[in-house]
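Enquirer: Give me a 3D structure for the following:
(one chain, ligands or ions: 2)
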Amino acid sequence: MTVQFDRIALIGIGLIGSSIAHDIKRLGLAKEVVIATRSADTLKRAEELQLGDRYTTSSAEAVKDADLVIVSVPVGASESVAKEIAGSLKPGAIVTDVGSTKASVIAQMQPHMPPHVHFIPGHPLAGTEKSGPDAGFPGLFEGRWCIFTPIAGTDEAALKRLRQFWEALGSKVDEMDPEHHDKVLAIVSHLPHIIAYNIVGTADDLEAVTESEVIKYSASGFRDFTRLAASDPTMWRDVCLHNKDAILEMLARFSEDLAYLQRAIRWGEGDKIFDLFTRTRSIRRSIIQAGQDVDAPDFGRPHPLEKNA
Ligand SMILES: NC(=O)c1ccc[n+]([C@@H]2O[C@H](COP(=O)([O-])OP(=O)(O)OC[C@H]3O[C@@H](n4cnc5c(N)ncnc54)[C@H](O)[C@@H]3O)[C@@H](O)[C@H]2O)c1
Ligand SMILES: O=C(O)C(=O)C[C@]1(C(=O)O)C=C[C@@H](O)C=C1
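Expert: Ligands and ions are numbered 1, 2, ... in the order given. Model (predicted):
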């Protein structure tokens with residue numbers, strides 16, 4: 001792979017930022033990588049892991065002369081980062097992000113972006129329940145979607161350059177309207193996490209009644225939920241607060257459908273239950289046929305409830 005950028009600045013070096021750093025290095029996509037994060041401890045760890053070439057706790061310092069700036073912080077921190085970097089961005093620089101919600105990130109960042117830079121919001125649909133610089137690994141984005149939600153009038157050449165960057169990481173790139181993105185992600189990603197946090201919380205509350213049996217006898221169905229429910233609380237608090245409308249809409253829909261199922265169980269309506277379960281079973285089959293590796297998120301690592309996980 002040829003060098004695509006002279007200098008890339010990575011703002012935030014957790015799971016996503018460090019995975020991008022691994023791939024830039026592995027694929028030789030930049031002459032220099034500058035890493036910035038708020039906490040000195042995280043920065044020190046990034047340096048120990050040799051994720052970049054230069055390290056700073058100042059995002060403004062990091063973006064100086066960078067051709068590509070990738071913001072990988074919890075979505076609620078987007079505005080403060082945008083304000084901090086705005087005055088130091090190089091003319092012609094591409095500024096992108098990886099946030100799980102898009103309309104809110106655009107509202108937070110766009111007003112601070114100077115007219116001489118190309119701001120292109122993005123979202124790689126890849127991740128795990130882990131966080132921090134040690135959680136990243138090369139190849140995370142291989143075969144996964146990366147969705148851009150470009151602002152009208154975005155420079156085509158800048159879009160193409162960013163597309164080529166994500167394609168070099170192995171991603172398939174798509175474009176979407178930010179509001180549509182937020183609705184789609186609310187149902188395929190945000191609700192599953194909220195449901196997982198909720199069911200694991202409920203099971204934990206029941207511990208008092210069941211005297212540790214919830215954890216002791218957890219079958220794999222429950223364990224699948226615990227993986228999602230082990231995800232970073234800051235990241236997911238921010239997702240809930242910054243995609244509020246779409247999440248509430250999907251939760252209302254979800255609750256209605258749950259009530260339908262509840263009623264079918266109460267009245268012994270086996271056909272209704274069987275029909276629903278048959279329909280949903282075929283969805284997993286379609287995902288597999290479409291080439292999506294549904295078992296990938298765990299990446300072969302020990303299950304969260306396994307010893308030493
Ligand atoms: N984890 C996932 O599965 C996943 C997948 C796709 C996208 N995302 C999105 O990517 C972003 C980063 O998520 P992550 O999983 O890498 O989180 P993480 O917790 O692993 O890392 C976040 C990083 O941001 C830094 N940070 C926080 N506030 C900051 C600030 N104000 N200035 C500079 N640095 C700051 C933290 O120190 C840390 O280095 C989030 O917006 C998240 O929604 C996450
Ligand atoms: O697989 C996981 O553990 C993830 O949480 C990844 C996941 C998802 O829900 O698919 C989480 C949040 C993102 O914004 C994108 C991807």
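Enquirer: State the mean pLDDT of stretch 135-152.
Expert: Rounded to a whole number, the mean pLDDT of stretch 135-152 is 98.
Enquirer: Can you give me the end-to-end span of it?
Expert: Separation of the first and last residues of stretch 135-152 by CA to CA, to the nearest Å is 35 Å.
Enquirer: List the buried residues of it.
Expert: 135-136, 138, 140-141, 144, 146-150 (16 or more other CB atoms under 10 Å). All C-beta spots, glycine's among them, are computed from the backbone N, C-alpha and C.
Enquirer: closest to ligand 2 among these?
Expert: For ligand 2, the closest of the buried residues of stretch 135-152 turns out to be R144, at 8.3 Å, with distances computed as CB to the nearest ligand atom.
Enquirer: Show the contacting residues for that closest one.
Expert: Listed by CB atoms under 8 Å, 6 or more residues apart in numbering, the contact partners of R144 are 124-126, 170-172.
Enquirer: I'd like to know which of the residues you listed is nearest to G268.
Expert: Within these, distances to G268 taken as CB to CB reach their minimum at L125, with 39.7 Å.
Enquirer: contacting residues around that closest one?
Expert: Going by CB under 8 Å, 6+ apart, L125 touches 144-147, 189.
Enquirer: Next: T57.
Expert: Residues in contact with T57 (CB under 8 Å, 6+ apart) are 36-40, 43.
Enquirer: Pull out the buried members of the residues you listed.
Expert: The neighbour count (16+ other CB under 10 Å) marks 36-38, 43 as buried among the contacts of T57.
Enquirer: What about those, which are in helices?
Expert: Cross-referencing those with the helices (criterion: DSSP state H) gives L43 as the overlap.
Enquirer: returning to what we had before: for the buried residues of stretch 135-152, give me TSV that also has secondary structure.
Expert: Putting the buried residues of stretch 135-152 into TSV (DSSP: H, G, I helix; E, B strand; the rest coil) gives the following:
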residue	secondary structure
A135	helix
G136	coil
P138	coil
L140	coil
F141	coil
R144	coil
C146	strand
I147	strand
F148	strand
T149	coil
P150	coil
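Enquirer: Now cross-check those residues against ligand 1 and list the overlap.
Expert: If you filter those for contact with ligand 1, counting by CB under 6 Å from any ligand atom, you are left with A135.
Enquirer: quick one: which of the buried residues of stretch 135-152 is nearest ligand 1?
Expert: A135 (6.0 Å).
Enquirer: now that closest one, nearest residue through space, not along the chain?
Expert: Spatial nearest neighbour of A135, excluding adjacent residues (CB to CB, 6 or more residues apart in numbering): L15 at 4.2 Å.
Enquirer: all strands of this structure, in order?
Expert: Chain-ordered strands for the chain, with DSSP state E as the definition, fall at 5-11, 30-36, 54-56, 68-71, 94-97, 118-120, 122-124, 145-148, 172-175.
Enquirer: Now do the first one against strand 30-36, angle only.
Expert: Spelled out, that is strand 5-11. Relative orientation of strand 5-11 and strand 30-36, computed by axes from the mean of the first three to the mean of the last three CA atoms, to 10 degrees: 20 degrees.
Enquirer: From the chain's centroid, how far away is stretch 185-200?
Expert: 13 Å (CA atoms, centre = their mean, to the nearest Å).
Enquirer: quick one: average pLDDT of that stretch?
Expert: Averaging pLDDT residue by residue across stretch 185-200 gives 97.
Enquirer: contacting residues for A30?
Expert: Listed by CB under 8 Å, 6+ apart, the contact set of A30 reads 3-8, 24, 68.
Enquirer: now do T96
Expert: With contacts defined as CB under 8 Å, 6+ apart, T96 is in contact with 68-71, 119-122, 162.
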